[in-house]
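In: got a predicted structure here, sequence first:
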Amino acid sequence: MLSRIDRLLEGIEDSCAVLISGYPNIFYYSGFTSEDAYLLLSKDRRLIITDSRYTIQAKEQAVGFDVVDISRGWGAIFGGISETSLCFEEEKMTVAEYSKLKSAAHGKEFVKGQDVIDAPRRVKDKEEIRLISEAEKIGDEAFSHVLEFVRPGITELEVALELETYMKKNGASGLSFETIAASGVRSAMPHGAASEKVIEKGDFLTLDFGCVYKGYCSDMTRTVVVGRADERQREIYGTVLKAQQAAIDGIYDGIACAEADAIARRIISDAGYGENFGHSLGHSVGIEIHERPNFSPKSKDTLENGNVLSVEPGIYIDGFGGVRIEDLIAVSDGEIIDLTHSPKELIEL
């Protein structure tokens, strides 16, 4: 864990300490698994600040850190560091929290540092990729399981619950995000969370779901037809599948992320559905379900070794339905590895 801190501090001025308040970076830099904490890092100090409910846990998990009870007060805690400024997570801290800490900081300057603090997490090491792969495997198995469960007459909520229960029974500690189970015309909603809608024969059913395994997220999407697909459904599905596979085949270590997005977007646009693909091709996945970099038309990033991103083109037609197919890919030793193994040919149930 300390090597991660050393990488972070290399980009920080000597006069600046780092104050981390958001759970993803607390976990990444210390291994501590509670949200009720702060990290205070400097060239010569590694502090984890929490309350009496978690001090024993912190001593066990945050190896190499000094555990400080927050009851000491922020004035005393800040007074124990010599740095004159604090690099903090402006995207994770509330205005009230900022005001309280600022007033206790003995005049230390607060410097916005979210991008700098997040940066090391963009590149996953082999162990992180392995954990994400294990989480994705649980998702693959859950999808195979739920195919035996889906039938006309049950609700989207019942399908979502079946997926979630299976994942938690098979190694997941939680969900990456609220499960999407959108059927019929609701499948045109890219983020159509499961509802009480009853699934009917002939519906598209889009399932977008993921789990957390040892702190790391998975993410996958499959769209099936409950019953027999009609000609229009086959055309739309085939277009999305072609776009997704072309993107995966065309992505390489060093590609501009905007160009990766363009591979899939061109195919969908050429088929006449450009206006029906409104989101980016994909996003990074790790401790959080949405990390950086992204495959998007406006991205200035370049894909690099250690990145893990989703590849998820879609077509969404209001009043008809939609299709999305999503895999996770990892760049490891210059190779593109598809971490998702569920079948992608059109499934008719």
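Out: Cool, got the structure.

In: any stretches of this structure with poor pLDDT?
Out: Under the criterion pLDDT under 70, the flagged ranges of the chain are 1-2.

In: longest helix of it?
Out: helix 126-147 (DSSP state H).

In: quick check: buried residues in it?
Out: Buried residues in helix 126-147, counted by 16 or more other CB atoms under 10 Å: 128-143, 145-146. Placement of C-beta: from N, CA and C, glycine included.

In: what's in contact with the helix or strand following that helix?
Out: Later in the chain than helix 126-147, the nearest helix or strand by DSSP states H and E is helix 156-169. Contacts with helix 156-169, where a contact means CB atoms under 8 Å, 6 or more residues apart in numbering, come from 138-139, 141-143, 145-146, 149-150, 174-175, 179-183, 186, 194-197, 199, 205, 207, 209, 211.

In: hmm, which of the residues you listed are the buried ones?
Out: Listed as buried from those are 138-139, 141-143, 145-146, 150, 175, 179-183, 186, 194, 197, 199, 205, 207, 209, 211; burial here means 16+ other CB under 10 Å.

In: tell me the buried residues in stretch 242-258?
Out: 243-245, 247-248, 251, 253, 255, 257-258.

In: kindly apply the preceding question to stretch 231-240 instead.
Out: Buried, per 16+ other CB under 10 Å, within stretch 231-240: 233, 236-237, 239-240.

In: do stretch 202-219 as well
Out: 203-213, 215-219.

In: what does stretch 185-195 give?
Out: 185-190, 192-194.

In: just to revisit the earlier point, tell me the two of the buried residues of stretch 242-258 that are most distant?
Out: Within the buried residues of stretch 242-258, 243 and 253 form the most distant pair, 21.1 Å apart (CB to CB).

In: centroid-nearest residue for this structure?
Out: Closest residue to the average C-alpha location of the chain: residue 289 at 1.3 Å, with CA atoms, centre = their mean.

In: one step back: of all the buried residues of stretch 202-219, which comes closest to residue 273?
Out: Of these, the one sitting nearest to residue 273 (CB to CB) turns out to be residue 204, at 14.6 Å.

In: for that closest one, which residues make a bridge with it?
Out: Legend: beta-bridge partners of residue 204 under DSSP bridges are residue 225.

In: please apply the same query to residue 20.
Out: Beta-bridge pairing for residue 20 (DSSP bridges): residue 39.

In: contact partners for it?
Out: 26, 29, 38-41, 88-89, 117.

In: out of the buried residues of stretch 242-258, flag the one nearest to residue 33.
Out: residue 257 (31.0 Å).

In: now the closest one: how far from residue 303?
Out: Using CB to CB, to the nearest Å, one gets 6 Å for the distance from residue 257 to residue 303.
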